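Undergrad: Build me a model from this:
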Amino acid sequence: MRLMKSRSFFLIAFFCSAGFFLSAQTTFHDAARFPLLGKITDSTETRYERLSASLRDTCRPRLWQLGKNTSGLALRFRSNTTQVSARWTLLEGVNLNHMTDTGVRGLDLYAWNGKTWQFVNTARPTAKENRQVIISNMLPLEREYLLYLPLYDGLTDLQIGVDSTARIDLPALPLPAAGNPIVCYGTSITQGGCATRAGMSYTNILMRRMNREFVNLGFSGNGKLDYEIAELMAQRSDVALFVLDFIPNVTLEQVKEKTAEFISILRRRHPDVPILLVESVLFTHMPFDEAMRKVVSEKNKALREEYEKLRRQGDRRLHYLPAGKLIGRDGEATVDGIHLTDLGFLRFADELESSLRRLLK
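TA: I've put the predicted structure just below:
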């Protein structure tokens with residue numbers, strides 16, 4: 001009998017020390033307490049959006065609306081909780097017929113494992129107002145967390161839930177390093193279409209791999225070389241590198257007429273910052289769709305000509321990434337021939353990473 005009581009006491013003590021009994025109550029904390037990575041400016045109408053409030057009445061309405069999407073924004077915090085929950089209210093409740101709800105409207109949680117950022121779990125959206133347990137049954141160890149926000153919707157409120165007995169604090173680990181960001185401008189592919197979850201857009205993949213801040217200025221269907229966006233990008237004084245990936249959204253005429261001026265706006269304030277021009281990926285249905293093959297080939301050729309012209313004029317910090325192997329050549333990297341799957345984003349990130357590391361040396 002004494003042996004049985006002793007074992008029972010030991011088991012109770014073990015489970016209590018492991019935190020199994022301490023996570024019954026959840027306390028929610030306003031995410032505004034914690035640092036947010038990925039913003040080009042803090043002068044936004046609300047915290048969770050991407051464009052300066054000054055652009056509200058000057059940029060195209062659709063561009064302004066897409067700026068409310070939180071693609072590329074990531075929250076940092078640390079806690080010794082045994083579970084992490086989230087409450088978030090969506091701006092619109094967007095649904096897309098070729099992209100998962102977890103990518104469009106969900107949250108993606110990562111934790112630092114001592115060497116890299118490791119995926120924990122996804123908070124699945126069910127309505128405009130959501131409450132989800134992301135992970136539970138953890139040991140009560142202090143961990144550093146990285147939470148990615150939705151790719152194709154906005155937020156009006158975000159709260160992080162932890163054990164009522166747990167601490168939740170500002171991050172102690174200075175990673176991903178804030179400041180000196182790599183700023184990526186582009187189309188729906190840059191915004192994250194059609195990653196299955198927020199952490200799998202190429203800018204978010206690279207944020208984790210390179211452990212530095214990335215700013216995502218991808219605007220679905222609207223990466224049209226708007227000069228207002230170039231001005232906004234140029235205002236960020238500490239940019240380490242610009243990536244321009246706009247070809248799928250512009251016409252052949254716009255490539256010829258607007259590329260040089262867009263770059264010129266950046267150069268007025270950043271004469272020595274590397275700028276990387278990226279060709280359009282070679283869409284997987286191009287071998288069958290002759291019209292698409294012709295359009296993409298002509299636009300990529302025109303971009304190359306603009307690049308070579310500017311290089312001849314003396315811009316030695318302008319660089320070029322051809323389509324080549326950006327998403328592989330087996331035809332398996334897209335959802336619909338154009339927008340990328342997670343496989344496509346991984347391949348895109350692989351190719352882009354090698355160029356970025358070389359240019360940052």
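
Undergrad: hang on, Ala177 packs against Arg212?
TA: Yes. Between Ala177 and Arg212 there is a contact under Cβ atoms under 8 Å: 4.9 Å. For glycine as for every other residue, the C-beta is placed from the backbone atoms N, C-alpha and C.

Undergrad: So between those two, which is more surrounded?
TA: Counted by other Cβ atoms under 10 Å, Ala177 and Arg212 do not tie: Arg212 has more neighbours, with 21 against 14.

Undergrad: For the more buried one, give me phi and psi.
TA: phi -150, psi 160 (degrees, to the nearest 10).

Undergrad: That one against Ile182, yeah?
TA: Yes. With contact defined as Cβ under 8 Å, Arg212 and Ile182 form a contacting pair (6.8 Å).

Undergrad: any shared contact partners between those two?
TA: Any residue near both Arg212 and Ile182 by Cβ atoms under 8 Å, 6 or more residues apart in numbering counts here, and that gives Ala240.

Undergrad: residue ranges for the strands of the stretch 151-300 of the chain, please.
TA: 155-163, 168-169, 177-186, 212-218, 241-245, 275-278 (DSSP state E, counting those that start in this stretch).

Undergrad: As JSON lines, the ones you listed with mean pLDDT and distance to Phe77 would be great.
TA: Putting the strands of the stretch 151-300 of the chain into JSON lines (pLDDT from 0 to 100; distance: least, Cβ to Cβ, whole Å) gives the following:
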{"stretch": "strand 155-163", "mean pLDDT": "98", "distance to Phe77": "6"}
{"stretch": "strand 168-169", "mean pLDDT": "98", "distance to Phe77": "6"}
{"stretch": "strand 177-186", "mean pLDDT": "98", "distance to Phe77": "14"}
{"stretch": "strand 212-218", "mean pLDDT": "98", "distance to Phe77": "16"}
{"stretch": "strand 241-245", "mean pLDDT": "98", "distance to Phe77": "27"}
{"stretch": "strand 275-278", "mean pLDDT": "98", "distance to Phe77": "32"}
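
Undergrad: could I get the ones you listed as JSON lines with distance to Leu75?
TA: Shown next, in JSON lines, are those (distance: least, Cβ to Cβ, whole Å):
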{"stretch": "strand 155-163", "distance to Leu75": "7"}
{"stretch": "strand 168-169", "distance to Leu75": "12"}
{"stretch": "strand 177-186", "distance to Leu75": "12"}
{"stretch": "strand 212-218", "distance to Leu75": "13"}
{"stretch": "strand 241-245", "distance to Leu75": "23"}
{"stretch": "strand 275-278", "distance to Leu75": "27"}
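
Undergrad: Identify whichever of these lies nearest to Phe28.
TA: When the strands of the stretch 151-300 of the chain are compared by Cβ to Cβ, strand 155-163 sits nearest Phe28, at 4.2 Å.

Undergrad: which secondary structure elements does that closest one contact?
TA: Where contact means 3 or more Cβ pairs under 8 Å, 6 or more residues apart in numbering; DSSP states H and E, strand 155-163 is packed against strand 26-30, strand 74-79, strand 84-90.

Undergrad: If you count neighbours, what's buried in the shortest one?
TA: Neighbour-count burial for strand 26-30, with 16 or more other Cβ atoms under 10 Å as criterion, is recorded at Thr26.

Undergrad: gap between Gln25 and Ser85?
TA: The gap separating Gln25 from Ser85 is 11 Å, by Cβ to Cβ, to the nearest Å.

Undergrad: Got the confidence number for Ala15?
TA: Heads up, residue 15 is Phe, not Ala. Phe15 carries a pLDDT score of 43 in this model.

Undergrad: For this structure, which residues score under the pLDDT cut-off?
TA: The chain contains residues with pLDDT under 70 at 1-24.
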